[in-house]
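> could you look at this predicted model? Sequence included:
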Amino acid sequence: MRAALIPVAIATLSLVVSLSACTAEPERRPAAGSTAPILVPGRPGEPARTAAPEEAATLVPAQVVNAVDVKYVQDMIVHHRQALDMALLAPSRAGSAELKGLASRIKDAQAPEIQFMTSWLQQQGQRVPGHHVGHGSMPGMASPEQMEALKSASGEDFDRLFLQLMIAHHQGAITMSQQVIGGGSDIKIWELANDVSSTQAAEIRRMLKIQGAS
């Protein structure tokens, strides 16, 4: 009798083992890199930081334009236009060949920047300032009387007044650029402001050198 029960017991045990194997949850392997921190770019002027995957998934990478960006671009178009007006006087009125070369480089740098800024404003649906808009209290801008004096000057008198006005003008542009670097949010405008600051700082050094040699 006992011998007859042994095959039944073995069969029952085999069935239980088989069912356990079928119903057991398969082993889950962690996804590669699922817990690795993710590098998140900072805002313009700020360093990048690391974030957990859960936090990074909630971050929106879309670029946001703020009012500081828009005001900077609108004001800098007007600011650059005056610099171009001054630079365009140099070929016929400057006495120094070095100053003429500097004025040409200022024109070559700032004319494309005006085109870029105009296009950027149009893409954002923002107003492009007209050619006769007032400059208000923008730092470094020459007054109408100073511009008239520059147009009337020639030779060494032109060189002296041009350097005086353009150095102040460049210093104003750097001040404006530092403001948007600290408060803007658009990466393209942040890059533009950095370029304006570095380029015009170098030009100021050159103008001071010309000024000291005259």
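Looks like it came in fine. Numbering: from 1, shown residues only.

> and the contacts of stretch 157-173?
With CB atoms under 8 Å, 6 or more residues apart in numbering as the test, stretch 157-173 has contacts from 76, 79-80, 82-83, 86, 89-90, 93-96, 99, 103, 106, 138-142, 146, 149-150, 153, 196-197, 200-201, 203-204, 207-208, 210-211, 214. The C-beta positions use only the backbone N, C-alpha and C, and glycine is treated the same way.

> please identify the helix or strand for the residue most central in space within the chain.
By CA atoms, centre = their mean, the chain has its centre lying nearest to residue 190, at 2.0 Å. Element membership for residue 190 (DSSP states H and E) is helix 187-213.

> other SSEs contacting that helix?
Using 3 or more CB pairs under 8 Å, 6 or more residues apart in numbering; DSSP states H and E as the contact test, the elements touching helix 187-213 are helix 67-87, helix 97-123, helix 155-183.

> mind checking pLDDT for residue 49?
As predicted, residue 49 sits at a pLDDT of 63.

> before we move on, what about residue 194?
pLDDT for residue 194: 98.

> next one: the spatially closest residue to it that is not a sequence neighbour from residue 174, what distance?
Using CB to CB, 6 or more residues apart in numbering and skipping residues adjacent in sequence, the residue nearest residue 194 is residue 181, 6.7 Å away. The gap separating residue 181 from residue 174 is 10 Å, by CB to CB, to the nearest Å.

> what of residue 109?
Residue 109 sits at a distance of 14 Å from residue 174 (criterion: CB to CB).

> cool, residue 147 as well?
Distance of residue 147 to residue 174, given as CB to CB: 21 Å.

> looking at those two, which has the bigger crowd around it?
Using other CB atoms under 10 Å as the criterion, residue 147 and residue 174 rank with residue 174 on top: 19 against 16.

> tell me which residues touch that one, please.
Applying CB under 8 Å, 6+ apart to residue 174 gives the contacts 196-197, 200-201.
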